[in-house]
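Peer 1: Fold the following.
(chains A, B and C, ligands or ions: 2)
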Amino acid sequence: MLLEATAVVMEFGSFRAVNGASLTVTEGDIVGLIGPNGAGKSTFFNCVAGDLTPTSGTIRFKGHDVTRATPEQHARLGMARSFQVPVTFEDMSVAENVMVGAFLRHGHRNAARRVADEILAFCGLDTLANARAGSLGTPGRKRLEIARALATEPQLLLLDEALAGLTPAEVRLAIDLVRKIQQRGITIVIVEHIMEVILSLTEHAVVFHQGKVIAEGPPRQVVDDPGVIAAYLGGSMKRVRTQIS
Amino acid sequence: MNINRIATIAGLLIIALWPLVVHDVFYQRVGALVLLAAISASAWNLIGGYGGQVSVGHVVYFGAGAYASLIVFTRWGWPPLAGAPIGVAVSLALAALVGTPTFRLRGHYFSMATIAAAELVRILASNWDVTGAAVGLMGPPVPRSVWDFSFTSPVPYHYLFLAVLLLLLWLTWLMQRSKMGFYLAAIRGGDRAARSLGVPVLRYKLYALLLSASFTSLAGTLYAVMVGFVDPESGLGILLSVKMVIIAALGGAGTLFGPLVGAVILVPLEEATNAMFGGGGTGITFIVYGAIILFVARFQPGGMAVIWRALTSRRKNRAA
Amino acid sequence: MILLQVVVSGLLMGAVYALFSSGLTLIWGMMNVVNFAHGDFVMLAMYAAFYAFTLWHLGPIFFVPGAAALLFVLGVVVYLGLVRHVARGPMLAQILGTFGLALVLRYSAFWAFSANFVSLPENLVGGTIDISGIRIEASKLLGGAVALVITLGMHLVLTRTMLGSRVLAVAEDRNAAMLMGIRPDRMQALAWGVGAATTGIAGALIALFFYISPTVGESLSLIAFVVVCLGGFGSVPGALVAGLAIGVIQALSAYLIGAVYQDVLVYSLFLAVLWVRPQGLLGKL
Ligand SMILES: Nc1ncnc2c1ncn2[C@@H]1O[C@H](COP(=O)(O)OP(=O)(O)OP(=O)(O)O)[C@@H](O)[C@H]1O
Ligand SMILES: [Mg+2]
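Peer 2: Ligands and ions are numbered 1, 2, ... in the order given. Model (predicted):
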């Protein structure tokens, strides 16, 4: 078992954003995490990646208890992530952004640069290597975040809506990229709203609702689950209502 | 050869030859003061510019260096320069002690904490007899040997300062190209993303602060050696901290030569207004300082470095 | 008895601290921008009061609202001309922008009004009131009372009126407020104006019993930071409580261990709070 999150609870004040969610991920998998807006997916990711310390529950990665470990310890152990809202280092070039990741395992500038060049080519960013990160559009930034994460040479990659906001053509390219990443032997957990992505990429989907896992299994089976449908409808009804008020 | 390299070599040559070319002591002194200001602003730049942690309390380290050199003289009769390692040691201790908890604060909170800490030290030094309280301390009235490094001509100071500045710029250049330079840039870009890539944010901020504090302290010692006097205002006044920030920001915070460029612009300006308006000049100087920095912040936060880059790249485009 | 006297004068001073700090906390809570020139705003208001009296013999009834109006304009101008632009820039620009402003104001005052300390005549407002042995200067009582009323008033406006809720909506989420038809720039300009105006009132009131000098803003800025930090960033009632507390702490430490150390204690407290509870003592996370 690469990742084992058990009964994770995350409270903000009295509000439970994650309410006893569990997830296990086996080496080599691509796991899809879906659920309506506000279901707690990003918060759960933040707990797993060490950005937040869960109120209770445990998280084990490669057999180590990392519940209370810092994000940098997670990175060192081999867990990398992208953020829902991309945070690139705007003033640095695309290649330099990736080098920051590469420095984790390569102390010397030249070695880091070599790794970065390889990753940039792998992600199809090589032509943009010298562009300022701040000059990229959303698709470029999302790709850059993935490249930067890959440069830390992770075993597990957490992608939080890395494909949101892309055009259908860009989505297809991104799906290919995720597949290629898996073929490198990297395990992936991906949060995604676009069903097409989940259906075509993953063998295993987990549905979040109100901080809990309400269904899991093969994606086709999961989307037909009446509980899941109700959660999505309820969620979208609530969304509509909050927009009116 | 590219224009940046030509400008760098030309600039450094002018600075190196300055006291040999101009013979007026006033201008020679201004040259030495430019270098001294460049040292402390470049030292600030390590944490404030490269690390993006806007300290407005760096005068503590400057004061530690200045006071240390005059305390070793008044207490034990040592040459003031011998206070340098003590000043650095005290600064390192202060930086570690104050920096560690303060770095958890972000943005404005960090700046305010540094101001408060610096003011605290200033008040304490103004009331402690070891530091000469409000009166301050004097250096050797007449040089006892060459080790007192007390000269009437500014020229020896010019070359002493230049040596320290070049050492600092060389270290900065090495740092900028190494893992540490990349990590600091990442921290400036965003703590959270940096940590997710395995950057130990606190540790690298602390490294940058320790290096920064050592050289700021050295600048304080050099100041005390040259001027032979320090009191709470000239060694620990908040305006000194502000000057370091302004000089670095005007030239370009987080760039290698930015602080030097800022010093080359601002220090002569300050000396000119002081010379023109006499004692009342201090007021005018700070109006000018304030106005300049206000405009930099409003219109070009990147400072002269960005303007220079824009100018040179336009030339390149025209040539192409 | 003397101790009680000390506490009372501390409370009165504290009420004025609360008033000029609530201007800062309002701006801060609104847009997470610190005004390093805040104390210099107070200084300008003090000089406005001083010159209104010495040149035109205007009493507090005129110069307090006058200083408020003057500072309101200054606040709006500073917002529109400077803060609006630097707030979107890097941290260094935000800090330097208002720091530069502080230097310009402080040393322009130096140049225009000279470095000499001046003050208003001591008994401009009544003399000294004696309540069962505790002497209270009428000027401080007036200052403290007005400060209390205005601080509370500001809190009520913010929490109970349409305008207040619009201002708070912008503070909460600029974009969401925009969608509801609120113009964030206007609300923020207004917040700067009102924040500066209360600062103006505070300055004019302090001028009644405090020395006036071009550099007085330097230490007042720091006190305002301390009050805002202890009171929880952005909280007007917090600023009130913290202001009173700081006033008392200063008065007591000046009395018990010496005037020199009153600021040592206050700054140490400030650092300790920032280190232990960065969100402020009374603030919520
Ligand atoms: N730092 C926080 N403080 C308070 N509440 C928070 C915080 N972060 C998230 N929340 C709340 O927790 C809930 C879950 O948020 P989360 O971002 O995890 O949802 P999500 O499933 O990722 O949604 P989306 O699909 O919109 O990204 C939301 O109601 C959100 O408002
Ligand atoms: Mg999310």
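Peer 1: Does the residue nearest the centre of chain A belong to a helix, a strand or coil?
Peer 2: Of all residues in chain A, the one closest to the mean position by Cα atoms, centre = their mean is A:Leu159, 1.7 Å from it. Each residue gets one of three states, and A:Leu159 gets strand by DSSP: H, G, I helix; E, B strand; the rest coil.
Peer 1: Check whether stretch A:30-37 comes near chain C.
Peer 2: No. Judged by Cβ under 8 Å from any Cβ of the partner chain, stretch A:30-37 makes no contact with chain C; its nearest approach is 15.1 Å. The C-beta positions use only the backbone N, C-alpha and C, and glycine is treated the same way.
Peer 1: phi, psi of the residue located most distally from the centre of chain C?
Peer 2: Ranked by distance from the centre of chain C (Cα atoms, centre = their mean), the top residue is C:Leu179, with 32.5 Å. For C:Leu179, the backbone dihedrals are phi -60, psi -30 (criterion: degrees, to the nearest 10).
Peer 1: one step back: so how far is A:Ile175 from the residue nearest to the centre of chain A?
Peer 2: To A:Ile175, A:Leu159 is 12 Å away according to Cβ to Cβ, to the nearest Å.
Peer 1: Please give me every residue in contact with residue 1.
Peer 2: Since you didn't name a chain, this refers to chain A. Contact criterion Cβ atoms under 8 Å, 6 or more residues apart in numbering or on different chains gives A:24-26, A:60 as the residues in contact with A:Met1.
Peer 1: if you could check chain C rather than the one you did, that'd help
Peer 2: Contact partners of C:Met1, counting by Cβ under 8 Å, 6+ apart, are C:133-134.
Peer 1: How about the secondary structure of whichever residue of chain A sits closest to ligand 2?
Peer 2: Closest contact between chain A and ligand 2, by Cβ to the ion, is at A:Ser42 (3.0 Å). At A:Ser42, secondary structure determined by three-state DSSP is helix.
Peer 1: Might you report the residue contacts of it?
Peer 2: When contacts are counted by Cβ under 8 Å, 6+ apart, A:Ser42 touches A:84, A:160, A:191.
Peer 1: Equivalent analysis for B:Leu266, please.
Peer 2: Contacts of B:Leu266 were listed using Cβ under 8 Å, 6+ apart, and they are B:37, B:243, B:246-247, B:250, B:289, B:292.
Peer 1: Give me the subset of the residues you listed lying in strands.
Peer 2: Mapping the contacts of B:Leu266 onto strands (DSSP state E) picks out no residues; all lie outside.
Peer 1: The residues you listed into CSV, with extra columns for distance to ligand 2?
Peer 2: Listed next are the contacts of B:Leu266 as CSV, based on distance: Cβ to the ion, whole Å:
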residue, distance to ligand 2
B:Ala37, 49
B:Lys243, 46
B:Ile246, 42
B:Ile247, 44
B:Leu250, 42
B:Tyr289, 46
B:Ile292, 44
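Peer 1: May I ask which of those residues has the most neighbours?
Peer 2: The member of the contacts of B:Leu266 surrounded by the most neighbours (other Cβ atoms under 10 Å in any protein chain shown) is B:Ile247, with 31 neighbours in all.
Peer 1: And it, how close does it get to chain A?
Peer 2: 21 Å (Cβ to the nearest Cβ, to the nearest Å).
Peer 1: my guess is that residue meets B:Pro259, correct?
Peer 2: Yes. If you go by Cβ atoms under 8 Å, B:Ile247 and B:Pro259 touch, sitting 5.8 Å apart.
Peer 1: Mutual contacts of these two, please.
Peer 2: Looking at what touches both B:Ile247 and B:Pro259 (by Cβ under 8 Å, 6+ apart), the common residues are B:38, B:41.
Peer 1: quick check: longest helix of chain B.
Peer 2: What stands out as the longest helix in chain B, according to DSSP state H, is helix B:201-227.
Peer 1: For A:Glu134, give me its contacts.
Peer 2: Slight slip there: residue A:134 is Gly, not Glu. Listed by Cβ under 8 Å, 6+ apart, the contact partners of A:Gly134 are A:88, A:90-91.
Peer 1: need the next SSE after the helix or strand hosting B:Ala32, C-terminal direction.
Peer 2: When secondary structure is defined by DSSP states H and E, B:Ala32 falls within helix B:25-45. Going down the chain from helix B:25-45, the next helix or strand is helix B:59-76, by DSSP H and E.
Peer 1: pull the CA atoms of that next one into PDB?
Peer 2: These are the backbone C-alpha positions of helix B:59-76, laid out as PDB (Å, rounded to 0.1, in the frame of the first residue of the first chain):
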ATOM      1  CA  VAL B  59      20.100  48.700  12.000                       C
ATOM      2  CA  VAL B  60      20.300  46.300  15.000                       C
ATOM      3  CA  TYR B  61      23.100  44.400  13.200                       C
ATOM      4  CA  PHE B  62      24.700  47.600  12.000                       C
ATOM      5  CA  GLY B  63      24.600  48.900  15.600                       C
ATOM      6  CA  ALA B  64      26.000  45.600  17.000                       C
ATOM      7  CA  GLY B  65      29.000  46.000  14.700                       C
ATOM      8  CA  ALA B  66      29.500  49.700  15.400                       C
ATOM      9  CA  TYR B  67      29.100  49.400  19.100                       C
ATOM     10  CA  ALA B  68      31.200  46.200  19.400                       C
ATOM     11  CA  SER B  69      34.200  47.900  17.800                       C
ATOM     12  CA  LEU B  70      34.100  51.000  20.100                       C
ATOM     13  CA  ILE B  71      33.300  48.900  23.200                       C
ATOM     14  CA  VAL B  72      36.400  46.800  22.700                       C
ATOM     15  CA  PHE B  73      38.400  50.000  22.300                       C
ATOM     16  CA  THR B  74      36.900  51.800  25.400                       C
ATOM     17  CA  ARG B  75      36.900  48.800  27.600                       C
ATOM     18  CA  TRP B  76      40.200  47.000  26.600                       C
END
